[in-house]
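> need a 3D model of the following:
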Amino acid sequence: MLIAACGLSLATWGFVTWRNTGSLTAPAQTGALSPRQEVRYAPATFTDAFFTGDTLTLTGEGSLNSAITLFIESAPLSSVKTDKAGNWSAQLFLPARASALAVEIITKLPDGTDVKSDETLLIISMQDDKLGEITSETPHAVLIATPGGASQIIRFPFDAPPEINGLSLRAVDYDNAGGVIFSGRSESEGIIRILANNALVGQTGLAADGSWTLIPNASLPRGLYTLTVQRLNDNDKGKVSASMPLPFERRNLEKIEGESGVKIMPAFHEDNWVVSRSLYGGGVQHTLLYSPVAFIP
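Presented below is the predicted three-dimensional model:
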């Protein structure tokens, strides 16, 4: 997995760090408690991000009665408190001419403990020099990145991800060691299979909401590939009901220069964006976002 390949140590941050395993529920307790009441040391997480003009509104969840501080480049930008339901929201005016920003969260619990989330909100913008700032009119991507996990795409820089017959590929996350995570959605039931140059990479099923994530058992060496994302009907002897060929190049970027905090280097192309970012503890992780026109004829 990416987290192992990058050598990331969750203890290197100097904060109490809670790893999001996909469940916010602690061991069973008596009484009807909400997930946020059950987890005392749950860190803050992001749920949405959207622009209104040049103002960015962020929403999320956190531990009850806790202070949430948002950071950009290790500098505190805004502090808010969770409400009685454990929700929080903040409005930010982003620095001018910033094409790539990473927003991090630290929660101060009522007992004074600082808990740093492993989620980072990335805001990537292809700016018009005449505008000079990120706004709702600027082409941009917003994603939630988690080391070792699939990126959650909140806003695509294109109209939509590539899709055929209800099958879409939302993101490809990979690192310099060859670890890769593919993620997408399907409107129809079936098995998702991925090929690289016609060799089987792996296959996976669908979650209840139609999303899917595939983490191959083997690493993917550097090089150029034709990725083929397929959906197989699980009730028709594996007949292919959707097939989507896409170009893919697994490249290495050893180091990203920049200030303190998470460092980001975006690359903009006509048919895809690649967002590369540094990881605490060392290593670089990349997220590839395809445009709808990225198909190989």
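> okay, now the unreliable bits of the protein?
Under the criterion pLDDT under 70, the flagged ranges of the chain are 1-41, 94-98, 127-139, 236, 253-262.
> let's see it at 50
Residues of the chain meeting the criterion pLDDT under 50: 1-33, 36-38, 129-132.
> doesn't Asp234 make contact with Arg193?
No. The pair Arg193 / Asp234 is not scored as a contact, 11.2 Å apart, by C-beta atoms under 8 Å. Placement of C-beta: from N, CA and C, glycine included.
> what residues are up against Val201?
Residues touching Val201, when contacts are defined by C-beta atoms under 8 Å, 6 or more residues apart in numbering, comprise Val180, Phe182, Ile194, Leu195, Leu214, Pro216, Leu220, Leu227.
> from memory the first one sits against Leu220, does it?
Pointing back at Val180 there. Yes. Val180 sits in contact with Leu220 when judged by C-beta under 8 Å, with a separation of 4.9 Å.
> any idea how far the residue most central in space within the chain is from Val142?
Here the mean C-alpha position of the chain is nearest to the C-alpha of Ser151 (C-alpha atoms, centre = their mean), at a distance of 2.1 Å. In this view, Ser151 and Val142 are 10 Å apart by C-beta to C-beta, to the nearest Å.
> quick check: neighbours shared by Val180 and Leu220?
Common contact partners of Val180 and Leu220 (C-beta under 8 Å, 6+ apart): Tyr174, Val201, Arg250.
> who are the packing partners of the helix or strand containing Thr69?
Assigned by DSSP states H and E, Thr69 belongs to strand 67-72. Contact partners of strand 67-72 among helices and strands, from 3 or more C-beta pairs under 8 Å, 6 or more residues apart in numbering; DSSP states H and E: strand 75-81, strand 87-93, strand 100-108.
> in the second one, what's buried?
Neighbour-count burial for strand 87-93 flags Trp88, Ala90, Leu92 (criterion: 16 or more other C-beta atoms under 10 Å).
> can you pull the contacts of Asn65?
Taking C-beta under 8 Å, 6+ apart as the contact definition, Asn65 lies against Lys81, Thr82, Pro110.
> re the thing from before, of Arg193 and Asp234, which one has the most company?
Neighbours around Arg193 and Asp234, counted as other C-beta atoms under 10 Å, are more numerous at Arg193. The numbers are 19 against 14.
> list the beta-bridge partners for that one.
Beta-bridge partners recorded for Arg193 (DSSP bridges): Gln203, Gln230.
> nearest to Ala207, out of the helices and strands packed on strand 67-72?
When the helices and strands packed on strand 67-72 are ranked by proximity to Ala207, the top entry is strand 87-93, at 23.9 Å, counting by C-beta to C-beta.
> CA atoms only: put that closest one into CSV for me.
Output of strand 87-93 as CSV, limited to C-alpha atoms (Å, rounded to 0.1, in the frame of the first residue of the first chain):
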residue,chain,number,x,y,z
ASN,A,87,-20.1,19.8,12.7
TRP,A,88,-18.0,22.8,11.8
SER,A,89,-17.7,25.3,9.0
ALA,A,90,-15.3,28.1,8.1
GLN,A,91,-14.9,30.7,5.4
LEU,A,92,-11.5,31.5,4.0
PHE,A,93,-10.1,34.2,1.7
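> report the distance from stretch 194-206 to the chain centre.
Between the centre of stretch 194-206 and the centre of its host chain there is 21 Å, according to C-alpha atoms, centre = their mean, to the nearest Å.
> that should have said stretch 101-110, apologies.
Relative to its parent chain, stretch 101-110 has a centroid offset of 17 Å by C-alpha atoms, centre = their mean.
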